[in-house]
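Visitor: the amino acid sequence is not available; the structure is as follows:
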């Protein structure tokens, strides 16, 4: 679907992994993109060659937000303090950025909207971690959330604030729950790295793959290109919904199965280092896709194998191999 011309989109956290991929996707669709990022986890390098306006600032500053919200048609709020383990180390920091920061973004949009016919659309990033200890599979959006980490609780606050602002102030909002998004630009070499980049980087370097637990835990891995396709369509059609929506396509793959695929792609057996299970981790995750399919019937996901291959290729290129 072609994008309406000259739409202006603000991406908070747009220099991060998902944000930079989305910036590229939207610019290719003729959107004008403004990025607000404090560069605490994002990087200017992620936006090299992408014609966006990058403003270094924080979602915790009303003045920074007012500077970038003015005149935009849509806001994609991705800025966050990521990682379950990181939130356990410092729960209040996660709350401040993820909960309070979201309220600041919504209020900035509401302030700017008072001068216009209607406020900008707001899409906020929540997480499958909000389901937490609820064991039912697949995860339906109407299941009772049971967060088991400060990060998960802060993401539940993120989506709750967005939906409350939508109901209270007539704003067009969409709260999407990401499930284990992976792909190019996702950093692997740090203590809080997500599982796919951690595996790929270790495998290419000939190091043991860090597996917390026995590896039979399962996830609904979602390639970042699929995420960008949904978000781009949401912007183009100004999709909103009064309830949260899973943004994943219903797959369920174990970590050991991912490792087996990577062995084929990398071309040699991969050593695995089994580590203790981490606090806040859940054993299994899989999205119910009913609501996603009803709102975005035309989006087809990138298959897991194709997404993993693109990710391995990106890491190889990064390493000069």
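Guide: Good, I have the coordinates. In this text the structure is predicted, and so the values were computed from the model without any measurement.
Visitor: which residues of the stretch 201-321 of the chain fall in helices?
Guide: Counting by DSSP state H, counting those that start in this stretch, the stretch 201-321 of the chain has helices at residues 224-236, 255-266, 290-295, 304-318.
Visitor: which of those helices is buried the deepest?
Guide: Between the helices of the stretch 201-321 of the chain, the one whose residues have the most neighbours on average, counting mean count of other CB atoms under 10 Å, is helix 224-236 (a mean of 22). In short, each C-beta sits where N, CA and C put it, glycine included.
Visitor: so what's the nearest residue to residue 13 once chain neighbours are set aside up against?
Guide: Spatial nearest neighbour of residue 13, excluding adjacent residues (CB to CB, 6 or more residues apart in numbering): residue 79 at 3.4 Å. Shown in contact with residue 79 (CB atoms under 8 Å, 6 or more residues apart in numbering): 12, 13, 16, 19, 36, 37, 38, 59, 97, 101, 105.
Visitor: was I right about residue 289 contacting residue 252?
Guide: No: counting by CB atoms under 8 Å, residue 252 is not a contact partner of residue 289; they are 11.9 Å apart.
Visitor: these two - which one has more neighbours?
Guide: Between residue 289 and residue 252, counted using other CB atoms under 10 Å, residue 289 has the larger neighbour count: 20 against 16.
Visitor: name the nearest residue to the more buried one, ignoring sequence neighbours.
Guide: Of all residues not flanking residue 289 in the chain, residue 250 sits nearest, at 4.5 Å (CB to CB, 6+ apart).
Visitor: in terms of pLDDT, where does the one you found sit?
Guide: Reading off the confidence values, residue 250 has pLDDT 97.
Visitor: hang on, it packs against residue 293?
Guide: No: taking contacts as CB under 8 Å, residue 250 lies outside contact range of residue 293: 9.2 Å.
Visitor: whichever strand or helix holds residue 198: which residues count as buried?
Guide: In this assignment (DSSP states H and E), residue 198 forms part of helix 195-205. Under the neighbour-count criterion of 16 or more other CB atoms under 10 Å, helix 195-205 has 195, 196, 197, 198, 199, 200, 201, 202, 203, 204 buried.
Visitor: need the max-distance pair from those.
Guide: Using CB to CB, those span at most 15.1 Å, a distance reached by 195 and 204.
Visitor: so what's residue 176 up against?
Guide: When contacts are counted by CB under 8 Å, 6+ apart, residue 176 is found next to 123, 124, 125, 126, 230, 231, 244, 245, 246, 247.
Visitor: measure how buried residue 297 is and give me the count.
Guide: The number of residues packed near residue 297 is 9, by other CB under 10 Å.
Visitor: same question for residue 182.
Guide: Burial of residue 182 is recorded as 24 neighbouring residues (other CB under 10 Å).
Visitor: now it, what are its backbone angles?
Guide: Main-chain dihedrals, residue 182, degrees, to the nearest 10: phi -140, psi 160.
Visitor: and it, how far from residue 232?
Guide: Per CB to CB, to the nearest Å, residue 182 is found 18 Å from residue 232.
Visitor: ok, now residue 136?
Guide: Residue 136 is 31 Å from residue 232, where distance means CB to CB.
Visitor: before we move on, what about residue 13?
Guide: Residue 13 sits 17 Å away from residue 232, taking CB to CB as the criterion.
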